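Asks: for reference, the sequence and a predicted model appear below.
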Amino acid sequence: MAQGTSPIRKVLIANRGEIAVRIIRSCRDLGIPTVAIYSDADRVALHVRMADEAFRVGPPPSRESYLSFERILDAAKASGADAIHPGYGFLSENAAFVRACEAAGIVFIGPPASAMDAMGEKTRARANMEKAGVPVVPGSNAPFPSVGEARAYAEKIGFPVMLKAAGGGGGKGMRRVERLADFDSAWRAAQSEALNAFGNDAVYLEKYLDEPHHVEIQVFADQAGNTVHLNERECSAQRRHQKVVEETPSPILTPEMRAAMGEVAVRAAKAVGYVGAGTVEFLVDKHRNFYFLEMNTRLQVEHPVTEWVTGLDLVASQIRVARGEPLGFRTEPPRGHSIEVRVYAEDPAQNFMPSPGRITYLRVPSGPNVRDDSGVYPGYTVPTVYDPMISKVSVWAPSRPEAIARMRRALSEYVVKGITTNIRYLHAILAHPDFVGGNYDTGFLPRAHSALLGRHDHALGEVALLAAVVDAYQRDARRRRSLTPVSGQRAGPSPWRLRTRGSRR
Amino acid sequence: MAQGTSPIRKVLIANRGEIAVRIIRSCRDLGIPTVAIYSDADRVALHVRMADEAFRVGPPPSRESYLSFERILDAAKASGADAIHPGYGFLSENAAFVRACEAAGIVFIGPPASAMDAMGEKTRARANMEKAGVPVVPGSNAPFPSVGEARAYAEKIGFPVMLKAAGGGGGKGMRRVERLADFDSAWRAAQSEALNAFGNDAVYLEKYLDEPHHVEIQVFADQAGNTVHLNERECSAQRRHQKVVEETPSPILTPEMRAAMGEVAVRAAKAVGYVGAGTVEFLVDKHRNFYFLEMNTRLQVEHPVTEWVTGLDLVASQIRVARGEPLGFRTEPPRGHSIEVRVYAEDPAQNFMPSPGRITYLRVPSGPNVRDDSGVYPGYTVPTVYDPMISKVSVWAPSRPEAIARMRRALSEYVVKGITTNIRYLHAILAHPDFVGGNYDTGFLPRAHSALLGRHDHALGEVALLAAVVDAYQRDARRRRSLTPVSGQRAGPSPWRLRTRGSRR
Amino acid sequence: MNGSKRYVTRVRGARESVPVDIAEQDEGNYVLTVRGRPHTVDARVLDHGAVSLLVDGRSYDVELDESGDEVQVLVGFELLTVDVADERAVSLRAGTAGFSVSGKVVVTAPMPGKVVRVLVAPGAQVTEGQGLVVVEAMKMENELKSPKAGTVIAVFAKEGSAVEANAKLLTVE
Amino acid sequence: MNGSKRYVTRVRGARESVPVDIAEQDEGNYVLTVRGRPHTVDARVLDHGAVSLLVDGRSYDVELDESGDEVQVLVGFELLTVDVADERAVSLRAGTAGFSVSGKVVVTAPMPGKVVRVLVAPGAQVTEGQGLVVVEAMKMENELKSPKAGTVIAVFAKEGSAVEANAKLLTVE
């Protein structure tokens, strides 16, 4: 981020989907015009419809559109945008893009490239954190020259171990190895996966922590180096290293642990000269020891839960910091409790297979302390080429049990027709005794998988039969009588109809 | 309310529309099953679809359905409901109904009948309040035996005066008289209107305050008599004595005034042995003197703004108090700022004529700190027989200017097709300098009426022409080519389609 | 690519009609010319009757509702009723009475209700916007106003009587 | 009032079909009898394919989606695919292969993607739920499972090849 004060008069959002919509909303609240970018697959996506301006950046594949420095910077210049918000994913943690923005005289709303460099490669991040006195999981800081040396190191720290792509993120390229015999083939597979996914075959290894908790600390820093933490988020409800449900406060954290982890997270951020919103992820073992996992140098998907318990608008705060304003807040204890779930166009019963397609009907949950951050609308077709997350629902309540009840209620109000979603699965998580109990680790979702899919309500099954038969009966009756649908309501006359009709024509 | 502890295991909601939905939500959050009632006009209304059970209570006219003691109590007995929540309007301030509930052994979630009696007739309320040392607007406490005596009293306190139906509320039966010559005819008209609306022709009169502010204090009391206030709501944006926009805190209140008005409101509530949620309405004149106006012995339409700045769920709190639980909260300064607008199916340009009909498409605002309390759904037909309010949008932000910006953004996201709404009018209010300035009185909306209707954006008018022409062109092209609609998206295959297709049939 | 086609548009309440020329470049992309100024327009019609327009790079989300020959257009907070006709249709219409609020106008009840008051008698001169009849519906009294200046030539509404939606109340010429 | 009519219902995945008798009382009100138990049902079909059901006073909000002879039913969090046929249709079908997951089943690609791995060869014995083919789409690998126990009689999918939606991947009998 260019140091100093920059007015920020128009923001280009280098992203799509719900996060692009989320950023447009904060910009609009701040009175800042927005520029959307879109690939050919997104011409009628919600973020394009909501933005003030919109520029095409290429064909559907991300590499040719949402990852194209040149096209995005061209759109910024064409529209006169003086700042770019990267959202999460895509170019949000790409230091080269940050430098390209700087070279083009455009404010990148995020940390400086140097902080990304320091945290980007996981092995370098580990080394930097060890230097700063931040506890890390036992493991290697440098790639190994050969599989033999890697294997020897694994034997030294003891199995099971975790192989991780040094350049990766989001759970891709990760592989757990249980025993020595499996090591060599797993190593090669991890290297090839890392190369395919990130263009970099560097793999490192860490001691595998048995069913740890994933707890992360939100940090925020201004350009003057004032750095605070905004408490934690519990993200242990994961599937294939993808978070599914997040909450704050973490049900396992004491105020003392929160203070200790917060202090370490702030130290980590300061060690790399961090600016803006960032997240320090930790693993917490059974003994409540915590270890630095990685730092996400961007806004997180799950930032709304922190917004609920702090009252802050983190996107607006990012923009204010990027303008050179000082932090207007400090660390305070979380107020109440917040939970977020990620709604996906996917079928949990079919191994979570994505389920793109047209949303034919949509009714979103609402009412007190329920928030829906959506990237879709009724009639929208979820495309096949991008991440299938369509929405995030978050709730707030004074206490965790109330927040759980509210989220279950909110999910019961969520109606999406035309595509399969994971809403039922999310509801099952919120009702599962391990989740309700609060002491769930990263092994929870895999362990509970069949329980989360399996619970069926037979009384409702019978109601479904009744509904199907009534529907068939009425259809048959209509066919017989060639009449219009039976309905409790008559369709009204012409929409937006005119109050006073003239005899025009 | 029956004193003592009552478990409350099932709640019948003696109301309809958004407030019935609102109450269902809180009950569901508390794990309490709900029973809806419906007239024939409401068989497929949202509250019926969302409740656990639903009972018909009669034909569309309220008198034969939502106001029928007998049918409502029969539904409560048939369903096994042990408590009734009256919402607002309908039977919510009917002391006879409270007594009928008590006689039937059903908890009425609201104040005791005696408190309603004390506050119900406005003249009696005035007398009670004067006795309790609460400042009231100069006026009469008793109905007048003849128009002559009323006229003499009006001359004594000086014109203009306000005529009000003693048994009324919601702005009905109110009439301002500017000068002596108009008095007699206005008096007779007010009597006849009062008789029609409330079955009671008693009319009283008060000194008319010139363009006062309407500021109300939310109070809450438990069965042990602990009574607190939850700050104020500014409700001066009124049209024909109907509130349109509400906010808290009031932009004109100092902390000292808030404390003074809060203390008076608590005194008023205690004077009548109040229990549960109630609202003491005040008029505030130019010199910031405040006068008791009336007490609404029920939940208010605009309660969400108080929920935003206190973090309380007022409906849940009502239920807890009705169960005999002590107040779990106390008076605290408002946190941030909240605004609510009432979305009506009406046409401001046609003298606010109601615009019932079918909602063909609906997209509601969302995102951070935006709440939509709606009673409708896409495909719903707004009936002609009831109040045309379809939804309330409320927002929260740290400061008033941010809350205004957020509400304007939220309204810009609100799409309702098929019927005319007042959304554009609401947006114009939020953009009007008098509202933005914060010092608006009850004369604001009438004064600003043509400004609120008149502002047109000519650039958008030209865009409308472009859209209409493209639409016509594409229709003509389709007709020529007999092709399917041109669209940025292809309609997907069958909805909820099956992942693995068998060769069934 | 097609040649240019002309449509004549008229916004309800406006005094003049505006010709708009449209030329399709490729599917969804057009050049539209209004009052001599050309606009590059990328337009996608959505199923539910909305159009996403990119006009010279600016994004407009437009909701449409067709009713007869007219279309209601909602863009931002502007709601306009637009009559769109191609040139042939306009010339056909030229011989008829239509295409303006001239001639006889029948004022109808917009919804079921009760006639509370009739404010004018046959023969009365009225101005545009003047109240004609008060109808009570949804517990509110609603004043129906004259859509034009003219003379009341017939009154069908009776005080106290119930009326159905679209019932004729009176005629102004 | 009409007489009673019988429908035969079968939930996908269930082993048995369930007959349901329906008798209309008056418009929207029915008595439905399932497994010998009668239910008083007030049913209103909404335009967008939903039914509001009051079954013995309990309210159920049911969303329907018809696809061919089947209807997908969402009630609460239960999503079922139900085949509903009247008695005549059932007797017609008796001579055909349908109405169970017996016989040949073609496994098709649910969306465009790339075949990453083929896990079985022709002749392989498979159990219900066993993985057959891995297809990559939307950046995720998705394993397609066998809808029934049986024998793989043909494999059309090739590792590394792109497939369109609904492309035949293999056949299980």
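Replies: Ah, there it is. Numbers count the residues shown, from 1 in each chain, chains lettered A, B, ... in the order given.

Asks: lowest-pLDDT helix or strand in chain C?
Replies: For chain C, the helix or strand with the lowest mean confidence is helix C:87-93, at a mean of 59 (criterion: mean pLDDT, DSSP states H and E).

Asks: how is chain A partitioned into domains?
Replies: A:11-109, A:138-207, A:213-455, A:459-503 (automatic domain parsing).

Asks: mind checking which of those domains is nearest residue D:22?
Replies: For the domains of chain A, proximity to residue D:22 was assessed by C-beta to C-beta; domain A:459-503 is nearest, at 5.2 Å. All C-beta atoms are positioned from the backbone trio N, CA, C, and that covers glycine.

Asks: what is the residue positioned nearest the centre of chain C paired to in the beta sheet?
Replies: Most central in chain C under C-alpha atoms, centre = their mean is residue C:81, positioned 3.9 Å from the mean C-alpha point. Assessed by DSSP bridges, residue C:81 has beta-bridge partners residue C:72.

Asks: average pLDDT for stretch C:45-58, rounded please.
Replies: For stretch C:45-58, mean pLDDT is 91.

Asks: about what we covered before: as TSV, the domains of chain A with distance to chain C, mean neighbour count and mean pLDDT would be great.
Replies: Formatted as TSV, the domains of chain A follow (distance: least, C-beta to the nearest C-beta, whole Å; neighbours: other C-beta atoms under 10 Å in any protein chain shown; pLDDT from 0 to 100):
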stretch	distance to chain C	mean neighbour count	mean pLDDT
domain A:11-109	4	22	97
domain A:138-207	30	17	85
domain A:213-455	5	21	96
domain A:459-503	4	18	62
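
Asks: in a markdown table, list the ones you listed along with distance to residue B:235.
Replies: Shown next, in a markdown table, are those (distance: least, C-beta to C-beta, whole Å):
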| stretch | distance to residue B:235 |
| --- | --- |
| domain A:11-109 | 24 |
| domain A:138-207 | 49 |
| domain A:213-455 | 20 |
| domain A:459-503 | 28 |
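
Asks: which one of the ones you listed lies closest to residue B:405?
Replies: domain A:11-109 (5.0 Å).

Asks: contacts only, for residue C:129.
Replies: By C-beta atoms under 8 Å, 6 or more residues apart in numbering or on different chains, the contact set of residue C:129 is C:145, C:146.

Asks: how close does it sit to residue B:354?
Replies: 19 Å (C-beta to C-beta, to the nearest Å).

Asks: kindly report the same for residue A:359.
Replies: Taking C-beta to C-beta, one finds residue A:359 at 31 Å from residue B:354.

Asks: before we move on, what about residue A:423?
Replies: Residue A:423 is 36 Å from residue B:354, by C-beta to C-beta.

Asks: domain map for chain C?
Replies: C:5-90, C:101-172.

Asks: confidence-wise, which of those domains is weakest overall?
Replies: Of all those, domain C:101-172 has the smallest average pLDDT, which comes to a mean of 79.

Asks: chain center to that domain, what's the gap?
Replies: Counting by C-alpha atoms, centre = their mean, to the nearest Å, domain C:101-172 is centred 19 Å from the centre of its parent chain.

Asks: parallel or antiparallel, list what pairs with whatever helix or strand residue C:24 lives in.
Replies: Residue C:24 is located in strand C:18-26, with elements delineated by DSSP states H and E. Strand C:18-26 sits in its sheet next to strand C:4-11 (antiparallel), strand C:29-34 (antiparallel), going by DSSP bridges.

Asks: C-terminal to the last one, what's the next element?
Replies: Past strand C:29-34, heading to the C-terminal end, the next element that is a helix or strand (DSSP H and E) is strand C:37-46.

Asks: show me which residues of that following strand are buried.
Replies: C:39, C:41, C:42, C:43, C:44, C:45, C:46 (16 or more other C-beta atoms under 10 Å in any protein chain shown).

Asks: surely the fifth one and residue A:44 touch.
Replies: Yes. Contact criterion C-beta atoms under 8 Å: residue C:44 and residue A:44 qualify, at 5.0 Å.

Asks: picking that back up, buried stuff in the strand holding residue C:24?
Replies: Those would be C:18, C:20, C:21, C:22, C:23, C:24, for strand C:18-26 by 16+ other C-beta under 10 Å.

Asks: elements contacting the longest strand along chain A?
Replies: When chain A is parsed with DSSP state E, its longest strand is strand A:227-239. Applying 3 or more C-beta pairs under 8 Å, 6 or more residues apart in numbering or on different chains; DSSP states H and E, we find strand A:227-239 packed against strand A:213-221, strand A:242-248, helix A:255-271, helix A:303-310, helix A:444-454.

Asks: and of those, who's closest to residue B:368?
Replies: Using C-beta to C-beta, the helices and strands packed on strand A:227-239 put helix A:303-310 closest to residue B:368, at 5.9 Å.

Asks: could you export the closest one as PDB, CA atoms only?
Replies: The C-alpha trace of helix A:303-310 is given here as PDB (Å, rounded to 0.1, in the frame of the first residue of the first chain):
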ATOM      1  CA  HIS A 303     -15.200 -11.500   8.500                       C
ATOM      2  CA  PRO A 304     -18.900 -10.900   9.200                       C
ATOM      3  CA  VAL A 305     -18.800 -12.700  12.600                       C
ATOM      4  CA  THR A 306     -16.200 -10.200  13.700                       C
ATOM      5  CA  GLU A 307     -18.300  -7.400  12.400                       C
ATOM      6  CA  TRP A 308     -21.300  -8.600  14.400                       C
ATOM      7  CA  VAL A 309     -19.400  -8.700  17.800                       C
ATOM      8  CA  THR A 310     -17.400  -5.500  17.300                       C
END
